[in-house]
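**Q** The amino acid sequence is not available; the structure is as follows:
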């Protein structure tokens with residue numbers, strides 16, 4: 001059974017920091033990557049950051065320089081260090097994992113249940 005379990009969310013004042021974790025089990029990402037998405041209140045889900053199997057990272061413009069994605073393969077855990085948090089970072093944050101589809105393309109297939117991050121002034 002595939003499981004992605006996020007933790008580390010919570011409430012913080014603007015300018016503060018949080019570190020999200022996503023522990024995975026039950027699948028082998030192989031040469032594919034993982035990522036973090038978020039869904040602000042009343043808005044669509046959006047990409048926050050991705051990390052590929054070779055460690056290449058991508059960030060949304062809104063979080064560049066403030067967020068850092070990393071992974072510990074030995075612990076099957078994905079992290080998102082969030083610094084200098086802003087009120088607009090308030091959202092439910094989701095961990096997602098890719099797997100190769102029928103066509104051999106890495107695509108997001110597995111999702112966590114989400115963890116709430118609330119940033120207040």
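**A** Done, it's in. Keep in mind that what you see is a predicted model, and the values were worked out from it rather than measured.
**Q** Can you verify my assumption that residue 79 contacts residue 67?
**A** No. Counting by Cβ atoms under 8 Å, residue 79 does not reach residue 67; the two are 10.3 Å apart. C-beta here means a position set from N, CA and C on the backbone, and glycine is covered the same way.
**Q** For the lengthiest strand in the chain, list every residue counted as buried.
**A** Identified as the longest strand of the chain according to DSSP state E is strand 91-100. Across strand 91-100, burial judged by 16 or more other Cβ atoms under 10 Å covers 91-99.
**Q** Reformat the residues you listed as TSV; add pLDDT and distance to residue 55.
**A** Converted to TSV, the buried residues of strand 91-100 look like this (pLDDT from 0 to 100; distance: Cβ to Cβ, whole Å):
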residue	pLDDT	distance to residue 55
91	98	25
92	98	26
93	98	21
94	98	21
95	97	17
96	96	17
97	94	16
98	93	15
99	90	19
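**Q** so where's the protein uncertain?
**A** 29-30 (pLDDT under 70).
**Q** Spatially central residue in it, please.
**A** Centroid-nearest residue in the chain: residue 36, 2.1 Å away (criterion: Cα atoms, centre = their mean).
**Q** what's near enough to touch it?
**A** Going by Cβ atoms under 8 Å, 6 or more residues apart in numbering, residue 36 touches 20, 22, 47-50, 69, 78, 80, 93-96.
**Q** Who's the closest spatial neighbour of residue 39, skipping the chain neighbours?
**A** residue 45 (4.4 Å; Cβ to Cβ, 6 or more residues apart in numbering).
**Q** list the contacts for that neighbour?
**A** Listed by Cβ under 8 Å, 6+ apart, the contact set of residue 45 reads 37-39, 94.
**Q** Out of those, which sit inside strands?
**A** If you go by DSSP E, the contacts of residue 45 have 37-39, 94 in strands.
**Q** and of those residues, the nearest to residue 12?
**A** The nearest member of the ones in strands among the contacts of residue 45 to residue 12, counting by Cβ to Cβ, is residue 38 at 14.6 Å.
**Q** Setting aside sequence neighbours, what's the nearest residue to the closest one?
**A** residue 91 (3.8 Å).
**Q** Any of the contacts of residue 45 buried? List them.
**A** 37-38, 94.
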